[in-house]
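> Mind looking at a prediction? Sequence and model below.
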Amino acid sequence: MADLDYEGFWNEALVQLRNDLGEEEFCGWFSDMKYLRHKVSNANENSIVVGIPSIFHRDKVNSRYLNVITSKIKEISGQAIAFEMEISSKTVKKPASQPENQEQSEQINTKTTEKTPKPKEKRSQHSQMRDDYTFERFVIGENNNYAANAALAICKNPGKVCNPFLIYGGVGLGKTHLMQAIGNSIHENSDNHVICVSSERFLNDYIECIGQNKMNTFRNKYRQADVLLIDDIQFFTDKPGVQEELFHTFNALLDAKKQLVFTCDRPIEDLKKFEDRLISRFGLGVKADLQPPRYEERCAILKSVAQARGVTFQDDVIDLMGKNIASNVRDLVSALVNLIAYAELMNKTITVEIAQKHLKNIFSAPRQANLTMDNIIRVTAEYFGLTPNDLKGKKRSQNIVFARQLAMYIGREMMDYSTTMLGQDFGGRDHTTVMHSIDKIKGKLITDPSLESTLEGIKRAIKDFGAKY
Ligand code: ADP
Ligand code: MG
């Protein structure tokens, strides 16, 4: 059996499946698969192992096509050969500029094991992006499927499709990860010049260059990009100068067919005090939102992050965390990392009891009996020598406005409340007013380092207050 051409069986199966299923369906599920190896189990059973880009793809292929695939392989090989899938980086790492069909035909026609030409020289890690923010580490589910597929399409053809691309959604849902996955993939697989910056970085560069009369330096730097990624553009709200400059950069790069990707914490139309012409330029491209993951997706993310860290969890531990941490992916990942660190430190196997005990605070944090918006308002007001009604009312004196903005910011952070809910707690304010207040504090946190400790002080007082009553 060892001399059977398993890879040949697989390639032939792909050709026939493309024919049977039609181009559209085939491309949706099969075009990103890659033959990995042939495996023989202890019971002497043969399997073909194929790489697939995500758990989402794997589960869908399992439920929809497993029988079709195994019968096709049997038909071609005359043998009962099992079919297995592995989440594999090989499936998404493609030369970004390589046309899809070229790769497909190479994959199907060649019989040798070394099919794809070796990349010239592996480029070193890009200094502006995290090396673990890749597609391989990004779990695709129904909550982010549209955004992730657009991102993968961009990697195959940067500048040609979905341009500009805006990823938006709430905190901790994977915007930065997905944007950098695009950057990392293009950087790794092509010679394209990728620039990835936070909005703060872009703004600071701009301010510095204006100050030194070096706008040409600024323009040269950003307009050299083949791919420009800017994170959290809501930060440009209320900053007309940098918006104007962004608009020009935007136009210059789009005209030159360079790829633009941005992230934002809300739909672009909700950005108040944002130039209309800038907003309308986004209409030329694709906007995709990320939704909070549902239970199944939360479990898939937990398994994937654990696997990436070389740890396997029992299903009941995954279930416990998946059920109890529903706010966003960031909280989910940090709880998991926390638990792994604890287990390693204590040299313990993670059981459901240990997880329950160790994560007790995290599980109950957003729902702590005394952690209410009323208490947050009360303690913050007290901290500034004000009353809760001052914060909920309409007074506009500087100290009241500041305390109100801080209380909103804390409410968002500690309670994970939506801006609409917060607006209701603050005397029926509009959600955009709340967003604006939160942005103000975010801005001040950058320019005034002492604010961080004020904030920590108030949060401590809120927790103490909750513990007392
Ligand atoms: P955002 O920019 O939307 O606030 P991040 O991109 O910083 O969120 O993501 C927060 C954390 O959650 C990061 O550790 C990131 O790797 C992880 N994460 C988010 N979405 C996913 C996903 N779909 N699969 C795996 N990890 C994810
Ligand atoms: Mg982010």
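Nice, thanks for sending it over. Numbering: from 1, shown residues only. Ligands and ions are numbered 1, 2, ... in the order given.
> my guess is residue 317 meets residue 351, correct?
Yes - look at residue 317 against residue 351 with Cβ atoms under 8 Å: they come within range, at 7.2 Å. (Each C-beta comes from the backbone N, C-alpha and C, glycine too.)
> Enumerate every residue touching whatever residue of the stretch 301-450 of the chain ends up closest to ligand 2.
In the stretch 301-450 of the chain, the residue that lies nearest ligand 2 is residue 330 (8.8 Å; Cβ to the ion). Residue 330 makes contact with 171, 172, 173, according to Cβ atoms under 8 Å, 6 or more residues apart in numbering.
> Now with 10 Å, please.
171, 172, 173, 174, 176, 177 (Cβ atoms under 10 Å, 6 or more residues apart in numbering).
> which of residue 317 and residue 351 has more neighbours?
Neighbours were counted for residue 317 and for residue 351 using other Cβ atoms under 10 Å; residue 317 has more, 22 against 14.
> For that one, list the residues it contacts.
Taking Cβ under 10 Å, 6+ apart, we find residue 317 in contact with 302, 306, 336, 339, 350, 351, 352, 353, 354, 355, 356, 359.
> Check residue 404 too.
Counted by Cβ under 10 Å, 6+ apart, residue 404 has contacts 377, 380-381, 384, 386, 390-393, 395-396, 426-427, 429, 433-434, 437.
> restrict these to those near ligand 1?
Checked against ligand 1 using Cβ under 6 Å from any ligand atom, those give no members in range.
> from these, which would you call buried?
Neighbour counting by 16 or more other Cβ atoms under 10 Å classes 377, 380-381, 384, 386, 390-392, 426, 429, 433-434, 437 among the contacts of residue 404 as buried.
> Need the pLDDT of the residue of the stretch 301-450 of the chain closest to ligand 2.
Here, the pLDDT recorded for residue 330 equals 92.
> and residue 319, helix, strand or coil?
helix (DSSP: H, G, I helix; E, B strand; the rest coil).
> now the closest residue to it other than its chain neighbours: how far from ligand 1?
Spatial nearest neighbour of residue 319, excluding adjacent residues (Cβ to Cβ, 6 or more residues apart in numbering): residue 299 at 6.9 Å. Look at residue 299 and ligand 1: by Cβ to the nearest ligand atom, to the nearest Å, they are 12 Å apart.
> Quick check: residue 299 touching residue 324?
No - Residue 299 is not in contact with residue 324 according to Cβ atoms under 10 Å; the separation is 11.8 Å.
> Which neighbours do the two have in common?
In contact with both residue 299 and residue 324: residue 332, using Cβ under 10 Å, 6+ apart.
> hmm, back to that, out of the contacts of residue 330, which are buried?
Buried, going by 16+ other Cβ under 10 Å: 172, 173, 174, 176, 177, out of the contacts of residue 330.
> re the thing from before, so which of the buried ones among the contacts of residue 404 is the closest to ligand 1?
Distance to ligand 1 across the buried ones among the contacts of residue 404 (Cβ to the nearest ligand atom) is lowest for residue 434, with 18.0 Å.
> Would you quantify the distance from the closest residue to the closest one other than its chain neighbours to residue 264?
Of all residues not flanking residue 434 in the chain, residue 419 sits nearest, at 4.1 Å (Cβ to Cβ, 6+ apart). Counting by Cβ to Cβ, to the nearest Å, the gap between residue 419 and residue 264 amounts to 14 Å.
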